[in-house]
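Enquirer: Starting from these lines, generate the structure:
(one chain, ligands or ions: 2)
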Amino acid sequence: MATATARLVLLVALVAGSSCSAWAAVQVAADERQKEADVAAPVIHALRPMVGSAGDLGRRGGVPCDSWRLAVEAYNKRDWRTVPVDCEGYVGHYMLGGHYRQDSGDVVDEAVAYAEGLKLGGKGKEVWVFDTDETTLSNLPYYATDGFGTKPYNATSFNEYVMEGSAPVLPETQRLYNKLISLGIKPVFVTGRTEDQRAITVANLRREGYSGWMKLMLKPVGYNGTAIGFKSGERQKLQDAGYVIVGNIGDQWSDILGAPEGARTFKLPDPLYYIG
Ligand SMILES: *[C@@H]1O[C@H](CO)[C@@H](O)[C@H](O)[C@H]1NC(C)=O
Ligand SMILES: *[C@@H]1O[C@H](CO)[C@@H](O)[C@H](O)[C@H]1NC(C)=O
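Expert: Residues are numbered from 1 along each chain as shown. Ligands and ions are numbered 1, 2, ... in the order given. Prediction:
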């Protein structure tokens with residue numbers, strides 16, 4: 001698997017128009033928080049599909065990876081722990097090529113059209129709930145160097161990555177975010193990140209161009225309930241405070257299940273990991 005990862009990283013570097021060291025350069029630059037010139041962008045932006053839009057269905061060793069991904073996205077497959085090892089290349093190409101961005105863009109197009117059609121009450125009570133990881137920010141730089149979800153979740157190394165505050169923006173979601181602000185709908189973040197990660201999360205969001213959110217709701221440290229329980233509970237608090245949740249977007253089903261869900265929910269793609 002290390003070989004497949006290395007190959008993908010090399011491809012990324014090549015597509016980004018530079019040598020293999022481009023990957024390291026991106027991360028160093030990110031550490032230095034250089035916002036200008038789309039520093040983190042090559043990670044998920046300036047890439048081109050590398051397998052052709054329909055060419056490689058990812059059938060490796062008998063695992064039809066496209067069918068696996070569909071089952072995951074449709075929430076037919078649940079409680080899975082890792083991406084099938086045979087699908088590392090497939091998921092890597094999906095995430096780093098144009099397909100992931102395309103799928104995300106299609107979701108956001110629908111969300112924007114829906115938001116534009118809303119009749120607001122005029123009292124500024126409408127809010128839209130955003131998840132953070134793989135929704136407003138992308139952890140692809142981490143997963144691209146860690147087997148694209150084929151390895152069991154490592155809380156230590158993942159939290160180290162989070163604390164760098166270098167996660168790049170997911171540009172499609174930011175398009176929705178900015179549209180909502182222009183319409184007068186207030187963004188609220190409800191995230192499974194924990195309260196001790198508030199400062200770095202705020203810094204990361206700002207660094208990637210987010211501003212003007214109404215609230216950032218994080219899990220208490222040591223919270224031992226489910227993601228659905230936490231997130232629906234936070235949405236209930238918003239509703240109890242008189243806000244109207246007109247929309248809710250996330251990459252996990254646990255972001256958008258559990259009353260009150262919000263008047264309409266939007267599911268972004270994420271074949272990298274499952275949070276129940
Ligand atoms: C998890 O990450 C930490 C920090 O990078 C590392 O030391 C540890 O070996 C990793 N654990 C596993 C099981 O890979
Ligand atoms: C979860 O936390 C609550 C309150 O802090 C505690 O009473 C309960 O025993 C915990 N449950 C588990 C499974 O750790």
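Enquirer: Quick check: the gap between the residue in the stretch 1-150 of the chain that ligand 1 sits nearest to and residue 262.
Expert: As assessed by C-beta to the nearest ligand atom, ligand 1 sits closest to residue 146 within the stretch 1-150 of the chain, at 9.0 Å. C-beta coordinates here come from the backbone N, C-alpha and C atoms, glycine included. Residue 146 sits at a distance of 32 Å from residue 262 (criterion: C-beta to C-beta, to the nearest Å).
Enquirer: again, but for residue 161
Expert: Applying C-beta to C-beta to residue 161 and residue 262 gives a distance of 29 Å.
Enquirer: Using PDB, write out every CA atom in stretch 148-162.
Expert: As requested, C-alpha coordinates have been extracted for stretch 148-162 and formatted as PDB (Å, rounded to 0.1, in the frame of the first residue of the first chain):
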ATOM      1  CA  PHE A 148      -6.500   7.200   1.900                       C
ATOM      2  CA  GLY A 149      -8.500   5.600   4.700                       C
ATOM      3  CA  THR A 150      -7.100   2.100   4.200                       C
ATOM      4  CA  LYS A 151      -5.400   2.200   7.600                       C
ATOM      5  CA  PRO A 152      -7.300   2.200  10.900                       C
ATOM      6  CA  TYR A 153      -8.000   5.700  12.400                       C
ATOM      7  CA  ASN A 154      -5.000   7.000  14.400                       C
ATOM      8  CA  ALA A 155      -6.300   9.700  16.700                       C
ATOM      9  CA  THR A 156      -2.800  10.700  17.700                       C
ATOM     10  CA  SER A 157      -1.500  11.500  14.300                       C
ATOM     11  CA  PHE A 158      -4.800  12.900  13.100                       C
ATOM     12  CA  ASN A 159      -5.000  15.300  16.000                       C
ATOM     13  CA  GLU A 160      -1.400  16.300  15.400                       C
ATOM     14  CA  TYR A 161      -2.400  17.200  11.900                       C
ATOM     15  CA  VAL A 162      -5.500  19.100  13.100                       C
END
